[in-house]
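>>> The following block contains a protein sequence and its predicted model.
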Amino acid sequence: MTEIQEGQLRFVFPDHCEAAKYDAWEFYRKSFQSIASGTKAVDIICISQDTSWLIEVKDYRHHPRTKPIDLDDEIARKVRDTLSGLAAASANAQDSGERVLATRALTKQRWRVALHIEQQPGSKLRPQPINRADVLQKLRRRLKAIDAQPLVVDGPKFGSDEPWIVQ
C-alpha cells in the first residue's frame, strides 16, 4: 500500500498500484520544470494494471479558486506537460526510480485523467462555485485524444474506476 499526502488529503493506493507524487520528482523540479518558460505538472501519477493515471488535486474548502485561467484549461495544460515530462524522464532522469516509473507509465495501454476537487458544501441558495459537471464536459472535449472519459471526483463520491481512496 502506498500513501501520498496532497495538502490535507491522503491518497491511499493498493499494493497492485505504483504511485508517486510526480510534481515532487527531482527530474521535474530540477530539470524539466523550467523548459519553455515553465511547465506544469499533475500532482500524482499512478500505474494500475494496464492503465496509467494522471491525478490532479484541487482543494478549495479553505481558499476559493482565484486563478484567472479556466480550470479545464489548467488541467489540460498540466496533463500535456506531464506527458512530455514523463517521456523526458524515461530517458534522462538521474533518479533510477523516477526513470523506471516514467518508462512503465508510458508503456501502459490506456491513459486516464482524474481531477479530485474538494469544495465547501453547496446549497440551493449558494451552489458550489465550481460545477463539476461543467468541468467534466469541458475536460472531455479538451482531453479526448488522451482520455475520452476523464473523471471529476470528490471525497464522498468514489467510483469503481479509480483504484485509490482518499481520506
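Cool, got the structure.
>>> Rounded mean pLDDT for the helix or strand where Ile45 lies, please.
Assessed by DSSP states H and E, Ile45 sits inside strand 44-48. Throughout strand 44-48, pLDDT has a mean value of 97.
>>> same thing with stretch 97-116?
pLDDT averaged over stretch 97-116 gives 97.
>>> Tell me which residue lies nearest the centroid of this structure.
Ile55 (1.9 Å; CA atoms, centre = their mean).
>>> Can you tell me how far the residue nearest to that residue when sequence neighbours are not counted is from His116?
Distances taken as CB to CB, 6 or more residues apart in numbering place Ile44 nearest to Ile55, at 4.1 Å, with adjacent residues excluded. (C-beta placed from N, C-alpha, C; glycine too.) Here the criterion is CB to CB, to the nearest Å. By it, Ile44 lies 9 Å from His116.
>>> which residues do the two both contact?
Taking CB atoms under 8 Å, 6 or more residues apart in numbering as the criterion, Ile44 and His116 both touch 55, 57.
>>> ok, Tyr60 touching Pro129?
Yes. Counting by CB atoms under 8 Å, Pro129 is a contact partner of Tyr60 at 7.4 Å.
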